[in-house]
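Q: Let me see the structure of the following:
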Amino acid sequence: MGKRMLLGALCLLLCAAAALGQDLYELLGVSSSATPSQMKRAYRKLSLKYHPDKQTEETREAMKEEFVKISNAYRVLSDPERREKYDVYGIADEQGFANFDEAARFASDGVEDSLMNWVGLIAVLAVGVIPIVVMQRNRTKPLKKRRPTKPSKK
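A: Alright, predicted model coming up:
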C-alpha cells in the first residue's frame, strides 16, 4: 500500500510540473512530430528575432528571458534522449531528471524491504559471527610445555 501511495505522489508531482511549464513545441512554433531540421529552422528564426543583442535597451531584459526559454526548448528537443523524456514525462529541465532514478528506487524500497534487510543482517550475525565469538570464549588456552631440565653435573 505504501509503494502505491509513493508512486501515485510521484506521478502527481510530475503531472503538476508538466502543467506549470510551457509546451516546448509551442514555444518553438513546431508540432510534436517536427523533424530535427524543422526545429532547427524554427529555432534560428526565433533566436534572431529575440536575441538580446538585437534589441533596444528598453526591451532587452524581456527579450533575454524569451531568448533563454527558446534556447532551452531547442536544447531539450534537439537531443533525442531529452526529447523522449520530455515527451514521456513532460519535464524539460535536467534538474527534474537528476534524481529520478533515486526517487524510483526510494519509492520501490518500502518499509517491508527495510525490515527484511534488518532481519537478514541479524540472521547473518546469528549464523556466522556469534558462533565464532562463543567458540573463542570457550576455547581453553594451551598448557605451557615445561622445558626439560638438564641433568645437573655432580
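Q: Touching stretch 42-51 from outside, list them.
A: 28-30, 34, 54, 63, 66-67, 70-71, 73-74, 78 (CB atoms under 8 Å, 6 or more residues apart in numbering). To be clear about C-beta, it is placed using only N, CA and C from the backbone, and glycine gets the same treatment.
Q: same thing but 10 Å
A: 25, 27-30, 34, 54-55, 59-60, 62-71, 73-75, 77-78 (CB atoms under 10 Å, 6 or more residues apart in numbering).
Q: Now list the buried members of the residues you listed.
A: 25, 27-28, 30, 34, 55, 63, 66-67, 69-70, 73-74, 77 (16 or more other CB atoms under 10 Å).
Q: Just to be sure, which of those residues are found in helices?
A: Among those, the residues falling in helices (DSSP state H) are Y25, L27, L28, M63, E66, F67, K69, I70, A73, Y74, L77.
Q: State the pLDDT value of the spatially closest residue to K64 that is not a sequence neighbour.
A: In this structure, K64 finds its nearest non-sequential neighbour in P52, 4.3 Å apart by CB to CB, 6 or more residues apart in numbering. P52 is assigned 86 on the pLDDT scale.
Q: Then T140?
A: 64.
Q: do the same with the one 3 residues further on
A: Reading off the per-residue confidence, L143 sits at a pLDDT of 62.
Q: Can you say which two of the buried ones among the contacts of stretch 42-51 are spatially most distant?
A: A34 and Q55 (26.8 Å; CB to CB).
Q: Low-confidence ranges, the protein, go.
A: Applying pLDDT under 70 to the chain flags the ranges 1-21, 92-114, 138-146, 148, 154.
Q: how about the strands of it, start to end?
A: Read by DSSP state E, the chain holds no strands at all.
Q: thinking again about what came up before, would you mind checking which of the ones in helices among the buried ones among the contacts of stretch 42-51 is nearest to P151?
A: Of these, the one sitting nearest to P151 (CB to CB) turns out to be L77, at 101.5 Å.
Q: Tell me which residues touch the closest one, please.
A: 24-25, 27-28, 30, 32, 34, 36, 39-40, 42-43, 83, 86-87, 92.
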